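Asks: coordinates only, no sequence provided:
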DNA sequence: TTGTATGCGTTATCAT
DNA sequence: ATGATAACGCATACAA
């Protein structure tokens, strides 16, 4: 690969001059500018971003830590994030933590060594101190670590309320909520809270189940759902995340429960899949594109030393389809 | 952030010595080794990988270009790739090309500037020359660009044969194949070839449809499927990729076609979703984990200047579920 | 308008 | 066993 030196030599100038035309800084005569430009083209010169990063103390790379990009929700999230980041001149280093503490720690260390300019955390299994000691701009998804770290989330409480309410209004008398693992301290736990409040206020029977920590252990979730229906065969409403809802739909099919006649199901997220399957899933939509955009903005603002809003809660919307 | 200099100063030695303990190279006395180690711990020293990359002329980063990680197939692929790459000490820079020529070109240029050690291409919309001039280790998925660039794919021909055969055996008399855009020169076109051969040999009526270039334009695919069924309402078998198959299932539901009684559907890929939906999708399974592993291995071998196998075709397997 | 010298953080060569 | 120095490719302060 040609370096700035080669270009300088070919153009008969010094590296300084080449650097100048490269960065459009300072005065240069048209003549030399052209000479240099020509040499660049001739040599197919590309500035070495590693060298630039070293000098500028800035890599223009953002670390993205999520459970796994194989999970539709995070796949879509990652796609949006990559899009906005790239628009802003940042690249994404992808890290799949599988919500494994050790892996997450390793990734964080790795990202620090690689001098990423900031980290977007969609997985957060570490201790609060570990995040605070990071000494690097962070933005989290769906978790408020401290009031000094900005987060992006949907209005989980309102979403939980909407979901529970819909099921109740539609006549469900025994509603199950399958949540993620509540010990993870995610803001999505607020769905749980709202769900309980609504269901209690309306004196509707309810049961709650937590999934294990790993988000995409399909067989485990299947067992969980199976056991739930075994223990409570008369459940007539389920509220859970979209992907889990798909599994619930399958379980219902196996158990010959008709949807929505015998049982109604509402998801959360509105991933693309929700409207792709049969029956189309009623769900609470979170605006993933906007949230992703905001997350990237928040991170970049921090990188540039600007003040940012700490709480970034986005409105959700009920999307009624065919499972309720 | 502490640098090697800070450590040296604190330990009362020079940077050379610190570098030595860092890399376990050359002789050092236990005493100084300990002093240095202590200083490192004290300062929470982390070597700067950017500086290392510059010196070593090696970034330990791999570029991954795919259509979009929001598409389940590529999401799963990316997840596997990231996993194996990380195991080998490589990180993944994520690029979603959306099969857009201009974007892909931009990403390739960006990756070159960032001095990635190699590129994994799951999207390839450029001209052959552009890949050859890249001057960088490449491995492609599902496309044979030239015989000098190794590729990984499943046995698309066999998969097409298996799929067509199953539908024929199950009694389908008018089979549709919805393929990706054949102009992209992908190896998946071999499914098409095999499909045609089988269907012609068995004198079964068939029709073929190509999707547009963008892989995940849902409304467009919906229209395509809708039009297909409008023009040929008597189609009783469909062979296409898993994600499109999901859309076909939905269309069938809308059109009151019973699966598998009125129409049988077989997918290709066996993404996780295939066994999650109702009805569970019969499909041709490609071993994505193994393929991803191989792709990473091929790339790293090339990076290390070793010879590699050019054709890496993996066996497929018919997984019969409930749509046939 | 252009050139010289220095430094970004690291590793390797060559001394000592 | 340890240190001084150059080099990786680039960008800036300062000279000329």
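Replies: Yep, it's here. None of these values were measured; they are calculated from a predicted model.
Asks: what's next to the helix or strand bottoming out on mean pLDDT in chain A, contact-wise?
Replies: Taking mean pLDDT, DSSP states H and E as the measure, helix A:128-132 is the helix or strand of chain A with the lowest mean score, a mean of 89. Contact with helix A:128-132 is made by A:105, A:108, A:121, A:124, A:138, A:145-146, A:148-149, as judged by C-beta atoms under 8 Å, 6 or more residues apart in numbering or on different chains. No exception for glycine: its C-beta is placed from N, CA and C like everyone else's.
Asks: rerun at 6 Å
Replies: residue A:145 (C-beta atoms under 6 Å, 6 or more residues apart in numbering or on different chains).
Asks: quick check: residue A:152 is in a helix.
Replies: No: with DSSP: H, G, I helix; E, B strand; the rest coil as the criterion, residue A:152 is assigned strand and is not in a helix.
Asks: that older thread, quick check: next helix or strand after the least confident helix or strand of chain A?
Replies: strand A:138-141 (DSSP states H and E).
Asks: if you count neighbours, what's buried in the least confident helix or strand of chain A?
Replies: Buried residues in helix A:128-132, defined by neighbour count with 16 or more other C-beta atoms under 10 Å in any protein chain shown: residue A:131.
Asks: in contact with whichever residue of chain A sits closest to DNA strand C, which residues are there?
Replies: Residue nearest to DNA strand C within chain A (C-beta to the nearest atom of the strand): residue A:27, separated by 2.8 Å. By C-beta under 6 Å, 6+ apart, the contact set of residue A:27 is empty.
Asks: average pLDDT for stretch A:99-113?
Replies: Mean pLDDT, stretch A:99-113: 96.
Asks: and the contacts of that stretch?
Replies: A:63, A:65, A:67, A:95, A:97, A:119, A:123, A:125, A:213-214, B:46, B:49.
Asks: again, but for stretch A:156-170
Replies: So stretch A:156-170 is contacted by A:175, A:187-188, A:190-191, A:194-195, A:198-199, A:202, A:204, A:237, A:239, A:264, A:266, A:268, A:284, A:316, A:318, A:324 (C-beta under 6 Å, 6+ apart).
Asks: so of those residues, which ones are in strands?
Replies: A:175, A:237, A:239, A:264, A:266, A:268, A:284, A:318 (DSSP state E).
Asks: how about the closest residue to the first one other than its chain neighbours, what does it touch?
Replies: Excluding its sequence neighbours, the residue lying closest to residue A:175 (C-beta to C-beta, 6 or more residues apart in numbering or on different chains) is residue A:237, at 3.9 Å. Listed by C-beta under 6 Å, 6+ apart, the contact set of residue A:237 reads A:167, A:172, A:175, A:264.
Asks: among the contacts of stretch A:156-170, name the buried ones.
Replies: Buried among these (16+ other C-beta under 10 Å): A:175, A:187-188, A:190-191, A:194-195, A:198-199, A:204, A:237, A:239, A:264, A:266, A:268, A:284, A:316, A:318, A:324.
Asks: how near is residue A:309 to DNA strand D?
Replies: Distance of residue A:309 to DNA strand D, computed by C-beta to the nearest atom of the strand, to the nearest Å: 30 Å.
Asks: cool, residue A:299 as well?
Replies: 22 Å.
Asks: SS state for that residue?
Replies: Quick answer, by three-state DSSP: residue A:299 is helix.
Asks: ok, residue A:80 next?
Replies: helix.
Asks: surely it meets residue A:292?
Replies: Yes: shown here, residue A:80 and residue A:292 form a contact pair, counting by C-beta atoms under 6 Å, at 3.5 Å.
Asks: could you check how far the residue of chain A closest to DNA strand C is from residue A:15?
Replies: Using C-beta to C-beta, to the nearest Å, residue A:27 is found at 17 Å from residue A:15.
Asks: and residue A:310, by the same measure?
Replies: Using C-beta to C-beta, we find residue A:310 at a distance of 44 Å from residue A:15.
Asks: same question for residue A:142.
Replies: Where residue A:15 is concerned, residue A:142 sits at a distance of 48 Å (C-beta to C-beta).
Asks: between these two, which is the more surrounded one?
Replies: residue A:142 (23 against 15; other C-beta atoms under 10 Å in any protein chain shown).
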